[in-house]
Structure formats: structure tokens, C-alpha cells
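Asks: what shape does this take:
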Amino acid sequence: MKLHILGCYAATPRTLTNPTSQVLEVKNHMFLIDCGEGTQVQLRKHKIKFSRINHIFISHLHGDHFFGLSGLVSTFRLLGREKELHIYGPKGIKEAITLLLKLGDSWTNYQLYFHELTNKGPEVIFEDDKITVETIRLNHRIYTNGFLFKEKLGERKLNVEAVAKHKVDKAYFQNIKNGRDVVLDNGMVIPNADLSFDPPTPKSYAYCSDTAYKPDIVEQITNATALYHESTFLESEVHLAVRTKHSTAKEAAAIAKAANVGQLILGHYSTRYKSIDLFKEEALEVFPNVELADDGKFFDF
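Replies: The predicted structure is shown next:
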């Protein structure tokens, strides 16, 4: 899994900071998660191919998370896109985007599919043979979802030396990768464990922005490889977090600790603070493996 942070600051775009948007590369997919203003500029700046984005996930309909979407949809059209595009987001997102296309008489020349979300609990919204994406219900001022991206268990890895030793024909290789034993022509059964290695442990990425402190998400994201959790405020402004239904860095760290995630990535910072290092310092008091998102930053996990 590779994560590109295009923007990770709260509220409005600024000279040197961008609102929320990120790209997750996993199993040959390039998923766009949220699409604040300036997203397509950031995509170009960081040399991410527009043509590889086929699925866009929008957490909620606050402007700093989706105001860049209509421009991106329009740019795809101007670039001559032919491949279909799927957009997942709260009910109302279809109306918002298609109204702009209608008023500008600029309907797409590619198939545009909206998957509007209303479910109050977790649901699988995308699945193929390698990965699932499910919603994480968050607690914000309007209907908001996070997203959990989970790899499926892959094929077993062929033990080349063992296969050669037992003179196993190539015709059996795929069955071995699928976990089956091999029965030789003489009736001898060779256990799969003797011919293959366990596949890599599937990875998972939990994206949680924006939300008030919500401990009941812990069960769903337990043991995630990485967790991106909003940390709009420091604990000194916890009263603002409560009022606006955001989280502090300390609260994000408490979620990470309870869920036993591999890595916590903080983001969605309020620009009232002089340095984002303050968020990491606060979170480290609770959870040991903390990283700071920042515009243009790249994570490989």
C-alpha cells in the first residue's frame, strides 16, 4: 500500500497548505479519497496519472472535502476520458455535481456512476478479487463516513526448491498456489505446506476524517496496518473539538492504541497552530508510532 497525501489541512485552502485529499495505491488500484479544492493541481504536481483514477471516495459534503470534485470530473472530460468513473459519497453528491454539469452544458463523454451512501452502519461499497472497501460510520456535524481498505488473502507462494525435489509437473503449480495438496501419479500425496509458503499478511488502511472522538470504531479497525485519523485540535482546545465534532491529537492516539494499529497518521490540522509538530508530540504521549501527514508526503506500508 502506498499513500500520497495531496492535502491534509482543515477548512480553507491557503498559500502553502491544501484541504483534504489523498491517493491510495493498492493492488493495481489508485483510489482517490476526498477531493478538496486544488486536488487536480496537486495530482499534476506529484505526477499522479489522472487516467488511473477510477474510484473516488468522498467522506462528507463539507467543502474542504469535495469542492474540487466538479473541476476534476470536468477535467477528465477535457482530457478525453473514455473509461467509466465511480464516485462514492453521501446522498446529495449526485445532485451537487450534476447540477454544475447541467448549468455548464458540459456533460461527461464517459460513464459517470454515483453510489450514494445512507447506511448508518458499516457496509461494503466496493469489492473485487483482491480488495474490499467498507464504510466506517463517523460522528460529525453532517452525515460522514470513513473508509476501510482491506486486502484479501493472496495466493500461496510456490516453494521452487521443494517442487523441483519432488519433480512436480508445472500443471500442478496453480493448484499449489491455491492451497491444494498434490497427488503424484504413483498415488503419493504431498501436503501443500511442503510445496508452498504462506502468502503475505493482508494489509489494511483506515481513513477517519472528520469525526468527534468515537471509540466504537475501534472494533472495526482493530489491527489495521495504518490509520489516518483527523486531529484538528490539540487537547488545550478540546472544547472546540467537542463543539465542532472534531478530534484532538490525543484522542486520535487513544483510538490508535485501543485498535492496536501498526501506524497512526495524523492530519486535518487547524491552521491556528504555529507548528504541526505539536500534534505529534501530544499523540506520542499515548501511542508510540505516530507520523504526521503533510501536503506532498508519501507513505509506503
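Asks: do a quick rundown of the helices in the stretch 101-250 of the chain.
Replies: Counting by DSSP state H, counting those that start in this stretch, the stretch 101-250 of the chain has helices at residues 160-165, 173-177, 218-221, 238-244, 249-259.
Asks: ok, Leu12 - contacts?
Replies: Check again: residue 12 is Thr, not Leu. Applying Cβ atoms under 8 Å, 6 or more residues apart in numbering to Thr12 gives the contacts Pro19, Asp64. For glycine as for every other residue, the C-beta is placed from the backbone atoms N, C-alpha and C.
Asks: any idea of the pLDDT on it?
Replies: Looking at Thr12, its pLDDT is 91.
Asks: now it: which helix or strand?
Replies: For Thr12, there is no host helix or strand (DSSP states H and E).
Asks: ok, His166 touching Pro191?
Replies: No: the criterion here is Cβ atoms under 8 Å, and His166 misses it with Pro191 at 10.9 Å.
Asks: which one's more surrounded, these two?
Replies: His166 (15 against 9; other Cβ atoms under 10 Å).
Asks: with adjacent residues omitted, what lies nearest to the more buried one?
Replies: The shortest distance from His166 to any non-neighbouring residue, by Cβ to Cβ, 6 or more residues apart in numbering, is to Ile190 (5.6 Å).
Asks: how close does the residue at the greatest distance from the centre of the chain get to Lys165?
Replies: Distance from the C-alpha centroid of the chain, by Cα atoms, centre = their mean, peaks at Asn186 (50.1 Å). Distance of Asn186 to Lys165, computed by Cβ to Cβ, to the nearest Å: 15 Å.
Asks: dump the residue contacts of Leu61.
Replies: By Cβ under 8 Å, 6+ apart, the residues touching Leu61 are Gly89, Pro90, Gly92, Ile93, Ala96, Ile142, Tyr143.
Asks: where does it sit: helix, strand or coil?
Replies: With DSSP: H, G, I helix; E, B strand; the rest coil as the basis, Leu61 sits in coil.
Asks: could you dump the helices of the stretch 101-250 of the chain to JSON lines with distance to Leu78 and mean pLDDT?
Replies: Output for these, formatted as JSON lines (distance: least, Cβ to Cβ, whole Å; pLDDT from 0 to 100):
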{"stretch": "helix 160-165", "distance to Leu78": "49", "mean pLDDT": "91"}
{"stretch": "helix 173-177", "distance to Leu78": "44", "mean pLDDT": "92"}
{"stretch": "helix 218-221", "distance to Leu78": "38", "mean pLDDT": "98"}
{"stretch": "helix 238-244", "distance to Leu78": "37", "mean pLDDT": "98"}
{"stretch": "helix 249-259", "distance to Leu78": "39", "mean pLDDT": "98"}
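Asks: which parts of the stretch 101-250 of the chain are strands?
Replies: Counting by DSSP state E, counting those that start in this stretch, the segments of the stretch 101-250 of the chain that form strands are 112-117, 124-127, 131-137, 145-151, 157-158, 182-183, 189-190, 196-197, 204-208, 226-230.
Asks: looking at those, which is nearest to Gly80?
Replies: Smallest distance to Gly80 across the strands of the stretch 101-250 of the chain (Cβ to Cβ): 14.7 Å, for strand 112-117.
Asks: so which bits of the closest one are buried?
Replies: Across strand 112-117, burial judged by 16 or more other Cβ atoms under 10 Å covers Leu112, Phe114, Leu117.
Asks: how far is that strand from where the chain is centred?
Replies: Relative to its chain's centre, strand 112-117 lies at 18 Å (Cα atoms, centre = their mean, to the nearest Å).
Asks: alpha carbons of it, as CSV, please.
Replies: Listed next in CSV are the C-alpha coordinates belonging to strand 112-117 (Å, rounded to 0.1, in the frame of the first residue of the first chain):
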residue,chain,number,x,y,z
LEU,A,112,-20.2,8.6,-14.6
TYR,A,113,-21.7,6.4,-11.8
PHE,A,114,-22.7,7.8,-8.4
HIS,A,115,-23.0,5.4,-5.4
GLU,A,116,-24.9,7.4,-2.8
LEU,A,117,-24.5,6.3,0.8
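Asks: that one - contacts with which helices or strands?
Replies: Under the contact definition 3 or more Cβ pairs under 8 Å, 6 or more residues apart in numbering; DSSP states H and E, strand 112-117 sits against strand 85-90, helix 93-103.
Asks: I'd say Lys27 and Ile131 touch.
Replies: Yes: using Cβ under 8 Å, Lys27 is in contact with Ile131, at 5.1 Å.
Asks: before we move on, the earlier item: from the strands of the stretch 101-250 of the chain, which stretch is densest packed?
Replies: strand 226-230 (a mean of 28; mean count of other Cβ atoms under 10 Å).
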